[in-house]
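# no sequence for this one, just the structure:
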């Protein structure tokens, strides 16, 4: 019975996503592109995510918001357990959050265009030079005042243990000399398990830790920076 209810809510959630994207996406692009109203896309994105989380029955709580510097761009660095994590953190962390994302998402109709116009940065997986160019572009975006979200594990973990961290997001933060804000998200796996399309009602907990400064770090220090941030996220997961 529990699975059957989840299947119904899942169908309703996917339908809400498709309908909202089909209506709001083109309208947002028609207004945002010629009139340079990127903020409109963000507001429409927040409305759409709030709608779909509500239909799916996913609630979330954020703790530690006081750790986010109010006057400068940061790099939020989070663990990754579920497909629920990216949209929920986009909604929970920052009104104008930019994201490093897999370039394959550009193939999605409407959404692929929206996220590019919104200033998200695609990172090719199998093209090292293009990936480095994307990191340079993202660092410049941070220096201009845009905060970013990274998932350094690169994919969803099947357990509560963190996977090895990839270095690209930390290189980006060092190049921008932007603080890294550790984030721990739990409960997403209860909402959507890896390998399953079903979405279950769940309570998700988001914990934000104190920022880790990168001023004075060079690229040679990136492994030490990764160790510090990883320890902070692990500590948040234990709370």
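Looks like it came in fine. Keep in mind it's a predicted model, so treat the numbers as computed, not measured.
# show me where the protein has helices.
2-35, 38-56, 85-93, 111-117, 128-143, 168-176, 188-191, 222-238 (DSSP state H).
# spatially central residue for this structure, please.
residue 86 (3.8 Å; CA atoms, centre = their mean).
# find the residue closest to that one in space, skipping its chain neighbours.
In this structure, residue 86 finds its nearest non-sequential neighbour in residue 99, 6.8 Å apart by CB to CB, 6 or more residues apart in numbering. Where C-beta positions appear, they are placed from N, C-alpha and C, glycine not excepted.
# ditto for residue 170
Nearest residue to residue 170, sequence neighbours excluded (CB to CB, 6+ apart): residue 222, at 4.9 Å.
# returning to what we had before: quick check, the residue nearest to residue 86 in contact with residue 93.
No - judged on CB atoms under 8 Å, residue 99 makes no contact with residue 93 at a distance of 10.3 Å.
# quickly list what's touching both of those two.
residue 149 (CB atoms under 8 Å, 6 or more residues apart in numbering).
# how long is stretch 202-217 end to end?
One end of stretch 202-217 sits 39 Å from the other (CA to CA, to the nearest Å).
# so which bits of it are buried?
Buried residues in stretch 202-217, counted by 16 or more other CB atoms under 10 Å: 202, 204-209, 211-212, 214, 217.
# likewise stretch 101-116?
For stretch 101-116, the neighbour count (16+ other CB under 10 Å) marks 101, 103, 111-115 as buried.
# nearest to residue 69 among those residues?
Within these, distances to residue 69 taken as CB to CB reach their minimum at residue 101, with 23.6 Å.
# hmm, that closest one is touching residue 121, no?
Yes - if you go by CB under 8 Å, residue 101 and residue 121 touch, sitting 7.3 Å apart.
# which residue is the nearest non-sequential neighbour of residue 110?
For residue 110, ignoring the flanking residues on the chain, the nearest one in space by CB to CB, 6+ apart is residue 25 at 3.8 Å.
# just the pLDDT for the one you found.
Per-residue confidence (pLDDT) for residue 25: 96.
# distance check, residue 175 against residue 63.
Remark: distance between residue 175 and residue 63 (CB to CB, to the nearest Å) = 30 Å.
# these two - which one has more neighbours?
More neighbours surround residue 175 than the other of residue 175 and residue 63, with 19 against 14 (other CB atoms under 10 Å).
# can you list the low-confidence ranges for this structure?
Across the chain, the ranges flagged by pLDDT under 70 are 1.
# and the nearest residue to residue 7 once chain neighbours are set aside, how many neighbours?
Using CB to CB, 6+ apart and skipping the chain neighbours, the partner closest in space to residue 7 is residue 198 (6.3 Å). Residues lying near residue 198 (other CB under 10 Å) number 14.
# contact partners for residue 198?
3, 6-7, 10, 192.
# kindly reformat the residues you listed as TSV containing distance to residue 67.
Below are the contacts of residue 198 laid out as TSV (distance: CB to CB, whole Å):
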residue	distance to residue 67
3	38
6	34
7	39
10	34
192	27
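# OK, contacts around the residue nearest to residue 189 when sequence neighbours are not counted?
Nearest residue to residue 189 in three dimensions, chain neighbours excluded: residue 81, at 4.5 Å (CB to CB, 6+ apart). By CB under 8 Å, 6+ apart, the residues touching residue 81 are 156-157, 185-186, 188-189.
# follow-up on the earlier one: just the closest of the buried residues of stretch 101-116 to residue 37, please.
Sorting the buried residues of stretch 101-116 by distance to residue 37 puts residue 114 at the head of the list, at 12.5 Å, by CB to CB.
# ok, that closest one touching residue 27?
No - the criterion here is CB under 8 Å, and residue 114 misses it with residue 27 at 10.9 Å.
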